[in-house]
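> whatever this is, show me its structure:
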Amino acid sequence: MKASELNEMKVEELQTKADELQQELFNLRFQLHTGHLENTARLSQIKKDVARVKTVLNQKLGA
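Below you'll find the model as predicted:
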């Protein structure tokens, strides 16, 4: 996910996206600890996506 795509989204959409990514991150961590995760690189990718979404969201909210 690119920051330019995120800049075009509304605040509500960004909050929804952040929630979805947090849930996916939780599920991936759960799979990692139970030994069912096949693609471990996906963890770092999701972490970076969460950070991007939160950064753009903070910029839009003026915080």
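> buried ones in the helix or strand harbouring residue 45, by neighbour count?
Using DSSP states H and E, the element containing residue 45 is helix 41-61. For helix 41-61, the neighbour count (16 or more other C-beta atoms under 10 Å) marks 43, 46, 49-50, 52-54, 56-57 as buried. (Glycine included, C-beta is placed from N, CA and C.)
> now, which of the residues you listed sits nearest residue 2?
residue 52 (8.2 Å; C-beta to C-beta).
> any idea how far residue 4 is from residue 18?
Counting by C-beta to C-beta, to the nearest Å, the gap from residue 4 to residue 18 is 17 Å.
> my bad, should have said residue 12
11 Å.
> ok, those two, which is more surrounded?
The residue with more neighbours, out of residue 12 and residue 18, is residue 18; 17 against 8, by other C-beta atoms under 10 Å.
> in three-state terms, label the more buried one for me.
Look at residue 18: counting by DSSP: H, G, I helix; E, B strand; the rest coil, its state is helix.
> look at it and report its pLDDT.
In this model, residue 18 is scored at 97, pLDDT.
> swap in residue 1?
78.
> dump the residue contacts of it.
If you count contacts by C-beta atoms under 8 Å, 6 or more residues apart in numbering, residue 1 has them with 49, 52-53.
> cool, and residue 51?
If a contact means C-beta under 8 Å, 6+ apart, then residue 51 has no contacts.
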